[in-house]
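S.K.: from the sequence below, what's the structure:
(2 chains)
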Amino acid sequence: GAGVSQSPRYKVAKRGQDVALRCDPISGHVSLFWYQQALGQGPEFLTYFQNEAQLDKSGLPSDRFFAERPEGSVSTLKIQRTQQEDSAVYLCASRKTSGRTGELFFGEGSRLTVL
Amino acid sequence: AQKVTQAQTEISVVEKEDVTLDCVYETRDTTYYLFWYKQPPSGELVFLIRRNSFDEQNEISGRYSWNFQKSTSSFNFTITASQVVDSAVYFCALEVRGGSEKLVFGKGTKLTVNP
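M.R.: Here you go, the predicted model:
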């Protein structure tokens, strides 16, 4: 597609439910990032993929968070047993290359509200 | 530790005024990249500029200009003759060395340009 596409745009979950957030990066983009943005804060890094390999997951806040990119394109961020503190906008970004060159393109995010 | 500080939480100006958004960063790396992103109400982060730590030349792009000063670890952003469409949250970010090239963001400055 023309840009990074994320779905759903809005998700309301009851505490304890599992959720899955999807990211469709720009076709052919090698690098894929997930960021978490709490209300009134800057985005915070969660995890990074280079093709299908998850090279950095140091930002995942707990073992309830899991991300995958099995075929090196679409990625899913899964949150198990959601808690209220998981409420945030989850941003996905992709870059054409694996190096530092090239612009990072962000999606519009998935806003998760945990009740 | 890598850190980005945007001391101004909110700024309100009247159209056509010039406005400067401040950004101060901390890093021990000698090679790094600095970024500015714009986040309109739609939520998508829009890339504005990337600056290499070795390039201290100021840059101008239309009504936008950036002042990078390594001596004070600052990378300030000025909008000249602001317009209502400039209203958004602006984020300064620092790229961390290492395999993932993840970004560390400041908390953002919300700019409101009033007609």
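S.K.: nearest to chain A: which residue in chain B?
M.R.: B:F105 (3.3 Å; C-beta to the nearest C-beta). Where C-beta positions appear, they are placed from N, C-alpha and C, glycine not excepted.
S.K.: that residue and B:A93 touch, don't they?
M.R.: Yes - B:F105 sits in contact with B:A93 when judged by C-beta atoms under 8 Å, with a separation of 4.6 Å.
S.K.: overlap in contacts of these two?
M.R.: Jointly contacting B:F105 and B:A93 under the rule C-beta atoms under 8 Å, 6 or more residues apart in numbering or on different chains are A:G42, B:V4, B:Y37.
S.K.: go ahead and build a ChimeraX selection from the buried members of those residues.
M.R.: Typed into ChimeraX, the line below selects the buried ones among the shared contacts of B:F105 and B:A93, using 16 or more other C-beta atoms under 10 Å in any protein chain shown:
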select /A:42 /B:4,37
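S.K.: and the shared contacts of B:F105 and B:A93, which is closest to A:S31?
M.R.: Comparing the shared contacts of B:F105 and B:A93 against A:S31 with C-beta to C-beta places B:Y37 closest, at 16.6 Å.
S.K.: measure the closest one to A:T82 for me?
M.R.: Shown here: B:Y37 relative to A:T82, a distance of 28 Å by C-beta to C-beta, to the nearest Å.
S.K.: what segments of chain A are strands?
M.R.: A:5-7, A:10-13, A:19-24, A:31-37, A:44-50, A:53-56, A:65-68, A:75-79, A:88-95, A:104-106, A:110-114 (DSSP state E).
S.K.: could I get the shared contacts of B:F105 and B:A93 as TSV with pLDDT?
M.R.: Below are the shared contacts of B:F105 and B:A93 laid out as TSV (pLDDT from 0 to 100):
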residue	pLDDT
A:G42	96
B:V4	97
B:Y37	96
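S.K.: can you add distance to B:N67 and give the shared contacts of B:F105 and B:A93 back as a markdown table?
M.R.: Converted to a markdown table, the shared contacts of B:F105 and B:A93 look like this (distance: C-beta to C-beta, whole Å):
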| residue | distance to B:N67 |
| --- | --- |
| A:G42 | 21 |
| B:V4 | 16 |
| B:Y37 | 17 |
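S.K.: so which residues on chain A come close to chain B?
M.R.: For chain A, the residues in contact with chain B (C-beta under 8 Å from any C-beta of the partner chain) are A:31, A:33, A:35, A:40-45, A:48, A:55-56, A:59, A:89, A:91, A:93, A:99-100, A:103-109, A:111.
S.K.: circling back to that earlier point, out of the strands of chain A, flag the one nearest B:V84.
M.R.: Taking C-beta to C-beta, strand A:104-106 is the member of the strands of chain A nearest to B:V84, at 23.0 Å.
S.K.: where does the prediction get shaky in the chain?
M.R.: Unless you meant another one, I'm taking chain A. Scanning chain A for pLDDT under 70 picks out A:1, A:98-101.
S.K.: wrong chain, I was asking about chain B
M.R.: Counting by pLDDT under 70, chain B has low-confidence residues at B:98-99.
S.K.: quick check: residues of it near chain A?
M.R.: So chain B meets chain A at B:4, B:33, B:37, B:42-47, B:50, B:91, B:93, B:95, B:98-108 (C-beta under 8 Å from any C-beta).
S.K.: taking the centroid of chain A, which residue is nearest it?
M.R.: A:W34 (3.3 Å; C-alpha atoms, centre = their mean).
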